[in-house]
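have a look; sequence and predicted model below, questions after that.
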Amino acid sequence: MANVPLDTDLMEHLRGARRPVVLTGAGMSAESGVPTFREAQSGLWARFDPVELATPEAFERHPQRVLDWYAWRREQVAKARPHAGHQALARWEAACAALVIVTQNVDGLHQRAGSRNVVELHGRIDRDRCHHCGERAETPARVCAQCGGPLRPDVVWFGEMLPEPALRRALGAVSEADLVLSVGTSTLVQPAASLPAEALAAGVPVVEINPEPTPLKGRTLYRLRGKAAEWLPRLVA
Ligand SMILES: CC(C)NC(=O)[C@H](Cc1c[nH]c2ccccc12)NC(=O)[C@H](CCCC/N=C(/NCCC(=O)O)S[C@H]1O[C@H](COP(=O)(O)OP(=O)(O)OC[C@H]2O[C@@H](n3cnc4c(N)ncnc43)[C@H](O)[C@@H]2O)[C@@H](O)[C@H]1O)NC(=O)OCc1ccccc1
């Protein structure tokens with residue numbers, strides 16, 4: 001990848017972008033040691049499908065199993081450190097205050113790298129909230145201080161609606177964007193996956209960074225085959 005010359009057209013879009021939006025998925029955190037959603041099932045969790053564990057139904061049926069899975073993932077996130085790709089995006093934000101990062105990741109690595117304009121579509125794994133009343137838990141506890149309900153990670157589970165303010169900010173940013181990057185996402189989970197597709201439908205240049213092919217296609221799509229920590233530092237001055 002390193003010696004692949006960068007398309008001049010693409011470089012012009014990067015240099016000229018005034019309202020860039022960067023969409024990130026699990027692949028953005030892979031080089032920081034956080035396994036992607038598809039890879040998260042190793043060792044004792046190998047026999048569970050993540051899409052099944054990350055549901056309100058699984059929590060109601062097997063609360064301890066779901067809490068143990070999140071405890072395991074929290075350890076990995078706590079050990080992880082932002083990589084050169086996260087740092088490049090933080091540098092870009094410092095140079096272009098209008099840059100918005102819209103992430104599906106729940107690990108907070110963008111903020112740890114210094115990025116501020118981060119929209120978290122699927123919540124945060126290092127916080128708890130009440131499964132019944134939604135109240136955030138300030139301190140680690142087993143039940144909600146407000147209603148006594150069970151506490152669970154403050155993430156969006158499959159079948160649950162995304163936080164409305166975050167979704168509105170993401171849709172707004174993409175509708176005003178003059179450049180979109182789609183980094184480390186398989187673009188299979190909705191509604192996040194509709195964001196790069198909408199930008200392409202509007203003829204906005206979209207740069208995809210992924211070592212693997214994804215279903216994303218469109219006239220203004222630039223595919224950069226490779227890894228986030230390798231490509232992003234090359235794209236950002
Ligand atoms: C599986 C999928 C088909 N299901 C859905 O999309 C569902 C249901 C659904 C709604 N509409 C639909 C329409 C059609 C079909 C299904 C649906 N969506 C929902 O339920 C959403 C909520 C979705 C959010 C779920 N929560 C997550 N996370 C938080 C929890 C937690 O983390 O525990 S999703 C979770 O999985 C997703 C994983 O996707 P990716 O991030 O793309 O990661 P993945 O592992 O798949 O791929 C990694 C990629 O990186 C690449 N890569 C690897 N290494 C690198 C590298 N080094 N550099 C760059 N790239 C790299 C790989 O090649 C790969 O391409 C992320 O979003 C992640 O946040 N809610 C909802 O729609 O509510 C209203 C509603 C409700 C009911 C019914 C109708 C409507």
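Looks like it came in fine.

closest residue of this protein to the ligand?
Gly27 (2.3 Å; C-beta to the nearest ligand atom). C-beta here means a position set from N, CA and C on the backbone, and glycine is covered the same way.

name the element that residue belongs to?
Gly27 belongs to helix 26-30 when elements are defined using DSSP states H and E.

nearest spatial neighbour of the residue of the chain closest to the ligand, skipping sequence neighbours?
Gly184 (2.4 Å; C-beta to C-beta, 6 or more residues apart in numbering).

burial of Arg15, as a residue count?
Arg15 has 9 neighbouring residues, counting by other C-beta atoms under 10 Å.

dump the helix or strand encompassing it to CSV, restricted to CA.
Following DSSP H and E, one finds Arg15 within helix 8-16. Provided in CSV are the C-alpha atoms of helix 8-16 (Å, rounded to 0.1, in the frame of the first residue of the first chain):
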residue,chain,number,x,y,z
THR,A,8,-4.5,13.7,-7.9
ASP,A,9,-8.2,14.1,-8.1
LEU,A,10,-8.6,12.6,-4.6
MET,A,11,-5.8,14.8,-3.2
GLU,A,12,-7.6,17.9,-4.6
HIS,A,13,-10.8,16.8,-2.8
LEU,A,14,-8.9,16.3,0.4
ARG,A,15,-7.1,19.6,0.2
GLY,A,16,-10.2,21.5,-0.9
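
quick one on the thing from earlier: so what's the residue nearest to Gly27 up against?
Gly184 sits next to 24-30, 36, 209-210, 228 when contact means C-beta atoms under 8 Å, 6 or more residues apart in numbering.

could you give the average pLDDT over stretch 141-148?
Here stretch 141-148 scores 90 as its mean pLDDT.

that one: how far from the chain's middle?
Computed by C-alpha atoms, centre = their mean, to the nearest Å, the chain-centroid distance of stretch 141-148 equals 29 Å.

just the CA atoms of it, as CSV, please.
Listed next in CSV are the C-alpha coordinates belonging to stretch 141-148 (Å, rounded to 0.1, in the frame of the first residue of the first chain):
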residue,chain,number,x,y,z
ALA,A,141,-23.7,0.0,40.8
ARG,A,142,-25.9,-3.0,40.1
VAL,A,143,-29.2,-1.2,40.0
CYS,A,144,-30.5,2.2,39.0
ALA,A,145,-30.5,4.9,41.8
GLN,A,146,-33.6,6.4,40.2
CYS,A,147,-35.9,3.4,39.7
GLY,A,148,-34.1,0.4,41.0
